[in-house]
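1. Below are the sequence and a predicted model for it; my questions follow.
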Amino acid sequence: MGWFEGHLWRWTLAWKRELRREEVQQADDLIALISQNPPQCNQEDGILWKNDSGYTSKKLQNLVQQSQTSEVDALICKAWLNLAPPKVEFFLWLALLGKLNTKVLLMHKGIRFEGPSTCPFCSEHSETLDHLLMTCTLSWGIWCELAADFDVVLESKETFKQLFGHWMEVPFINKTQRKFWITSFFAVAWSLWTCRNEIVFQQQNVEDGVLRYMIRWRIAMWSKAWKEPLPYTVAEIVRNFASIPELCN
């Protein structure tokens, strides 16, 4: 990543692909940042933590909390709750940041692709993140149906991130019920995205009933990884999903 010219260090960061327009400025900012502390010739590297007594995880946690000055940052952090597989939580984190590679986002980045840029579910609207994961007729119908299983009536929102915030604010007295409720959000979003990919890349057809069953199956499977043991099998949870509020009392 660089070399010494005499006693002066020269950074030369190598990238696996050509940087996009917005990434060139980010790369320049990175070079400016790391150039403030270049390697020193004939000296061993060391770690310095804010010129004080040393590093602790508590200090790092305090710094992170101080940096979360907005509701948006705090909301995005709720993607990491260990209620779904890590890849699913990572997916939701990207979605809340608006970084999913939908067709509209790819066009904005200047990336060409074959086929129309419309939603693969309805073929009527442009495939934006908010439309695909929330406002599409198929997607919104699934959200509302799943919420009804928990006796919750959803309010329509303008963005997917706002829907997540609304979902997280729904109160549940029972801890297990709340876990099922939150996990349901991960499962619906992930299932819609994977179904979209199957249509786009494998030319498969949408089977509404299969998609709805798969969502409940994923929720039941993921619940088996929780610390609290549940006295029900995956099949029993899926078969009696609408009775979860009663089953978890």
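-> Great, that's in hand. Bear in mind the structure is a predicted one, so any value in this text is a computation, not a measurement.

2. Could you check how far the residue nearest to the spatial centre of the chain is from E207?
-> Closest to where the C-alpha atoms of the chain average out (CA atoms, centre = their mean) is L92, at 1.6 Å. The gap separating L92 from E207 is 24 Å, by CB to CB, to the nearest Å. Just so you know, the C-beta spots here come from the backbone N, C-alpha and C atoms, and that holds for glycine as well.

3. ok, now I142?
-> Distance of I142 to E207, computed by CB to CB: 13 Å.

4. Of those two, which one has the most company?
-> Taking other CB atoms under 10 Å, I142 and E207 do not tie; I142 has more neighbours (18 against 11).

5. Helices along this structure, start to end?
-> 21-34, 57-67, 71-77, 86-97, 103-108, 129-130, 137-149, 160-169, 175-202, 208-223, 234-239, 244-247 (DSSP state H).

6. Mean pLDDT added to the ones you listed, as a markdown table?
-> Below are the helices of the chain laid out as a markdown table (pLDDT from 0 to 100):
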| stretch | mean pLDDT |
| --- | --- |
| helix 21-34 | 87 |
| helix 57-67 | 72 |
| helix 71-77 | 74 |
| helix 86-97 | 96 |
| helix 103-108 | 90 |
| helix 129-130 | 98 |
| helix 137-149 | 96 |
| helix 160-169 | 96 |
| helix 175-202 | 95 |
| helix 208-223 | 95 |
| helix 234-239 | 92 |
| helix 244-247 | 74 |
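
7. Name the stretch among these that sits most buried.
-> helix 129-130 (a mean of 21; mean count of other CB atoms under 10 Å).

8. Domain ranges for the protein, per the record?
-> 2-67, 78-247 (automatic domain parsing).

9. Quick one: distance of the last one to the chain centre.
-> Averaged C-alpha coordinates place domain 78-247 at 11 Å from its chain's average position (CA atoms, centre = their mean, to the nearest Å).

10. Check the burial of K99 by counting its neighbours.
-> The tally of other residues near K99 (other CB under 10 Å) stands at 11.

11. And it, what's its pLDDT?
-> Looking at K99, its pLDDT is 92.

12. From A32, how far out is it?
-> Using CB to CB, we find K99 at a distance of 24 Å from A32.

13. now do G110
-> From G110 over to A32 (counting by CB to CB), the distance is 26 Å.

14. what does F172 give?
-> From F172 to A32 the distance is 48 Å (CB to CB).

15. Please apply the same query to E246.
-> 59 Å.

16. Apart from its neighbours in sequence, what residue is nearest the residue nearest to the centre of the chain?
-> Computed as CB to CB, 6 or more residues apart in numbering, the closest residue to L92 that is not its neighbour in sequence is A79, at 4.5 Å.

17. dump the residue contacts of Q40.
-> Residues counted as contacts of Q40 (CB atoms under 8 Å, 6 or more residues apart in numbering) are W9.
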